[in-house]
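Novice: no sequence for this one, just the structure:
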């Protein structure tokens, strides 16, 4: 790590009541002045970072160094540190221990090697300790916990505030080290992460900052991770599949495997209680099909070898988030956050805030909040600057969970600003309209909370959400919103899915949570709190549907009677259903008698839709429209599909590295052999017959690999070659005679990845090699 001076400017001067003061980040008292560093040799350890169940002796070498010094407390080694003379013994005992070694070599000319860091978790049963990833942060402890410089403590800033403001109440957001924001709050650390098996998957230097608002005052602090080339010349992202198969939102199903910004989250306002509400509600929003939400995975965190706590690793919204989710772009995405109608939240300093975006949003919001949106001209103008369906969906999600810390807080929106070299792309996130981000959903009321009527639609609520109130005066927006609310509580937020997600997420963190409760100095919860909170959440899930009906009836008198009918869609092999944005294999829910819904089937490859059976009667429209029904009426639906006879050969896999390994795979889905006679492949729409396949027989259930012109794999010798290569942005066409069978667009895939047809939904997905 490179030692840097960081000046901490005290920004809240009026609060402190003192003249401008600056604090210079200085080395720990035990350190010597910074030496010139050189690349003459590199520190190496005999054992890699990891988990060890037997005693190890770690040898440290540095070619050309006269002496080697090391520390086990995070400080940069100096000549006053421990001198390496013999292997460092780390004994495997009954009780596990964690040791981070920072070492560097001193050369004869007085220069120093770059420091190197390795962390070892050692114990006789150490391999049983983790079932989550484990993070090791290593740095001079003064950076994080020092009185003048620490960003995870109250520190001198808090004492000065008390000193110069006697008698003034001290609250969570009063000046403190952990309340610093922007670049002055950033510290360089070494970040290493092991997967649950103990394999090191990330090791790099990066920046960290405290994260959050009021939750910064918790004993366990949220920490934002900021990889930069300034800290690590080889990597400015965190490259790891934190969230399993995490796909892009652009319809191309690209894998997201690198993250520019991450947060190790302390559970926010839920810290000390359930400690999973944000993770749970973000996941439910994703289940519902809301496009922009944060993924979360439990982790264990150690700082300088000391256990820090159980946390959640979250991705976070930033420019790279939008690139990963929606593809490369020339312009810029800007986010705004704070109260809905007056952003930003002026309680919190925001460095480099995009003032033009905040002005843009606030102007838009005030303008349309004061217009009659039942006038079509006004509404059409709003739709040009706001994705209204996304806005109403966003509102429905927050109402479904009874978000108590919104919309006068945690209201987050974004839009795209095009470059001068492009036009806006209508109907996409690149169209320049405002859309919304699920954010900080950890402070929720119980099922009886009813924020719809108390926060949003009451006479006093106009100060919170006047735009929402204006939209609810329109029948089409009101109907969309009511339908979306019922879709949520019958789908992603139904009791069955909600409870299943509670059990799944709780199980994913139970081992680490147990260790945290039993061992952490910063623990603020116990199993009594956790068990009680889980019971409450499950009770909320069981009552949310009935409560939603009551809330909608109260909010929309004369529109919603409160009467319902029952709709059941039977599970069936080789088909799933989409209702609004919710995908399911079966469905059971209560619908308001005033509203119907549409059901779209997705049939597996090799089958075709035939008809629906609705209360025993055949319906042949592929998209089923369920009309409003009578009170307590029961509607049962099943989908009838049939196998497709004489399926053509299918393009099922593409490799498009663009170097030496491009190929395509054709698959025979039939139970009999198929000839390639008449089949053609091309990368040109205007010339679908560019490559006529030679005659081959593809046996039932087997594949045929076609190599591209640039492929030099040994296995490709004497095989079928297509006279073209595959490039990003091209489309591959498969034809038989004059019939176009398939066209597959090639996205920007990562090296060694392939693009594979999913036989369940007929879409291509990137698969890691």
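Specialist: Noted; the coordinates are in hand. Computed from a predicted structure; not experimentally measured.
Novice: so what's residue 81 closest to, chain neighbours aside?
Specialist: residue 69 (4.3 Å; C-beta to C-beta, 6 or more residues apart in numbering). Bear in mind the C-beta positions are built from the backbone N, C-alpha and C, glycine included.
Novice: give me the beta-bridge partners of that neighbour?
Specialist: residue 83, residue 104 (DSSP bridges).
Novice: Verify the stated contact: residue 235 with residue 205.
Specialist: No: with contact defined as C-beta atoms under 8 Å, residue 235 does not reach residue 205; the gap is 9.0 Å.
Novice: more neighbours, these two?
Specialist: Counted by other C-beta atoms under 10 Å, residue 235 and residue 205 do not tie: residue 205 has more neighbours, with 22 against 17.
Novice: Any figure for the gap between that one and residue 300?
Specialist: Per C-beta to C-beta, to the nearest Å, residue 205 is found 21 Å from residue 300.
Novice: quick one, domains of the protein?
Specialist: Taking automatic domain parsing as the domain assignment, the record places the domains of the chain at 38-127, 241-495, 563-644, 650-767.
Novice: now the third one, how far from the chain's geometric center?
Specialist: Spelled out, that is domain 563-644. How far domain 563-644 lies from its chain's middle: 31 Å, per C-alpha atoms, centre = their mean, to the nearest Å.
Novice: can you check the first one too?
Specialist: Counting by C-alpha atoms, centre = their mean, domain 38-127 is centred 35 Å from the centre of its parent chain.
Novice: How about the contacts made by the residue nearest to residue 664 when sequence neighbours are not counted?
Specialist: Using C-beta to C-beta, 6+ apart and skipping the chain neighbours, the partner closest in space to residue 664 is residue 706 (4.7 Å). Neighbouring residues of residue 706 by C-beta atoms under 8 Å, 6 or more residues apart in numbering: 663-666, 681, 693, 719-722.
Novice: How about residue 318?
Specialist: 260-261.
Novice: Distance check, it against residue 55.
Specialist: Residue 318 is 43 Å from residue 55, by C-beta to C-beta.
Novice: again, but for residue 428
Specialist: 58 Å.
Novice: repeat for residue 162
Specialist: 49 Å.
Novice: Counting neighbours, go ahead and name the busier of the two.
Specialist: Shown here are residue 162 and residue 55; by other C-beta under 10 Å, residue 162 has more neighbours (16 against 12).
Novice: Please identify the helix or strand for the more buried one.
Specialist: Here residue 162 is covered by helix 155-164, with elements defined by DSSP states H and E.
Novice: right, and the helix or strand after that helix?
Specialist: Heading C-terminal from helix 155-164 (DSSP H and E), you reach strand 187-194.
Novice: And that next one, how far out from the chain middle?
Specialist: 20 Å.
Novice: That one packs against which elements?
Specialist: Contact here means 3 or more C-beta pairs under 8 Å, 6 or more residues apart in numbering; DSSP states H and E; on that basis strand 187-194 packs against strand 116-122, strand 134-138, helix 141-145, strand 200-211.
Novice: one more time with 6 Å, if that's ok
Specialist: Strand 187-194 sits against strand 134-138, strand 200-211, with contacts defined as 3 or more C-beta pairs under 6 Å, 6 or more residues apart in numbering; DSSP states H and E.
Novice: Neighbouring strands of the shortest one in the sheet, and parallel or not?
Specialist: Which is strand 134-138. In the sheet, strand 134-138 lines up with strand 187-194 (antiparallel), strand 296-303 (parallel) (DSSP bridges).
Novice: The ones you listed: which one's closest to residue 138?
Specialist: With C-beta to C-beta as the criterion, residue 138 lies closest to strand 187-194 of the strands paired with strand 134-138, at 4.4 Å.
Novice: Residues contacting that closest one, please?
Specialist: 1, 49, 117, 119, 133-139, 143, 151, 200-208, 231 (C-beta atoms under 6 Å, 6 or more residues apart in numbering).
Novice: Would you check that the residue nearest to residue 81 makes contact with residue 77?
Specialist: Yes: counting by C-beta atoms under 6 Å, residue 69 touches residue 77, with 3.8 Å between them.
Novice: can you give me the end-to-end distance of stretch 424-439?
Specialist: 26 Å (C-alpha to C-alpha, to the nearest Å).
Novice: doesn't residue 265 make contact with residue 222?
Specialist: Yes: counting by C-beta under 6 Å, residue 222 touches residue 265, with 5.0 Å between them.
Novice: more crowded one of the two?
Specialist: More crowded of residue 222 and residue 265, by other C-beta under 10 Å: residue 265, with 29 against 24.
Novice: residues contacting the more buried one?
Specialist: Taking C-beta under 6 Å, 6+ apart, one finds 222, 311-312, 314 in contact with residue 265.
Novice: cutoff 10 Å now
Specialist: Residue 265 makes contact with 211-212, 215, 220-224, 271, 275, 278-279, 294, 296, 299, 311-314, 316, 440, 442, according to C-beta atoms under 10 Å, 6 or more residues apart in numbering.
Novice: Same question for residue 586.
Specialist: 568-572, 576-577, 637-638.
Novice: out of these, who's nearest residue 111?
Specialist: Ranked by distance to residue 111 (C-beta to C-beta), these are led by residue 576 at 64.0 Å.
Novice: Could you pick out the longest helix of the protein?
Specialist: For the chain, the helix that runs over the most residues, judged by DSSP state H, is helix 527-555.
Novice: hey, what's in contact with both of residue 69 and residue 77?
Specialist: 83-84, 102-106, 112, 115.
Novice: Nearest to residue 147, out of those residues: which one, please.
Specialist: The closest of the shared contacts of residue 69 and residue 77, once distances to residue 147 are taken by C-beta to C-beta, is residue 102, at 22.0 Å.
Novice: give me the element the closest one is part of.
Specialist: With DSSP H and E as criterion, residue 102 is part of strand 97-106.
Novice: which of the residues in that strand are buried?
Specialist: 98-106 (16 or more other C-beta atoms under 10 Å).
Novice: about what we covered before: just the buried members of the contacts of strand 187-194?
Specialist: Buried, going by 16+ other C-beta under 10 Å: 1, 49, 117, 119, 133-139, 143, 151, 200, 202-208, 231, out of those.
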